[in-house]
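Undergrad: would you be able to build a 3D model of this:
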Amino acid sequence: MKCDVCGKPCLDPMGLANEYATLHASWGCGSSKDFEDHECRICEPCYDKIKELIEKLGGKIRVMDARDALSNCFES
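TA: All right, here's what the predicted structure looks like:
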């Protein structure tokens with residue numbers, strides 16, 4: 001799989017598995033993109049650049065630790 005931004009392969013550091021971020025937007029009624037879904041797969045270097053841009057614009061990216069979600073699966 002290739003990055004939709006730079007065109008390079010989206011691979012883990014060992015080059016064995018696909019690893020990427022997904023930018024996804026679902027537009028509803030009333031927008032200029034009524035009922036369209038947009039999606040972009042992004043490699044880690046491009047993700048870092050996009051994240052930096054969002055933060056420069058005053059936004060933020062929510063970061064959730066997948067290990068926390070996994071540990072919650074085993075709580076009784």
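Undergrad: now Cys29: how far from Glu36?
TA: To Glu36, Cys29 is 11 Å away according to C-beta to C-beta, to the nearest Å. All C-beta spots, glycine's among them, are computed from the backbone N, C-alpha and C.
Undergrad: if you count surrounding residues, which of these two has more?
TA: Remark: of Cys29 and Glu36, Glu36 carries more neighbours, 11 against 6, as counted by other C-beta atoms under 10 Å.
Undergrad: nearest residue to the more buried one in space, please, no chain neighbours.
TA: Spatial nearest neighbour of Glu36, chain neighbours left out: Trp27 (5.0 Å); criterion: C-beta to C-beta, 6 or more residues apart in numbering.
Undergrad: and Cys40, bridged to which residues?
TA: Residues in a beta bridge with Cys40, per DSSP bridges, are Leu23.
Undergrad: am I right that it is in contact with Cys10?
TA: No: here Cys40 lies out of contact with Cys10, judged by C-beta atoms under 8 Å, at a distance of 11.3 Å.
Undergrad: out of the two, which sits in the busier spot?
TA: Between Cys40 and Cys10, counted using other C-beta under 10 Å, Cys10 has the larger neighbour count: 20 against 15.
Undergrad: where does pLDDT dip in this protein?
TA: Within the chain, the stretches with pLDDT under 70 are 68-76.
Undergrad: mind running it again at 90?
TA: Applying pLDDT under 90 to the chain flags residues 12-17, 26-31, 33-36, 61-76.
Undergrad: for it, longest helix please?
TA: helix 44-56 (DSSP state H).
Undergrad: residues of it that come out buried?
TA: Under the neighbour-count criterion of 16 or more other C-beta atoms under 10 Å, helix 44-56 has Cys46, Tyr47, Ile50, Lys51 buried.
Undergrad: packing partners for it?
TA: Under the contact definition 3 or more C-beta pairs under 8 Å, 6 or more residues apart in numbering; DSSP states H and E, helix 44-56 sits against strand 21-26.
Undergrad: what angle separates the strand it packs on from helix 44-56?
TA: With axes from the mean of the first three to the mean of the last three C-alpha atoms, to 10 degrees as the basis, strand 21-26 and helix 44-56 are set at 50 degrees to each other.
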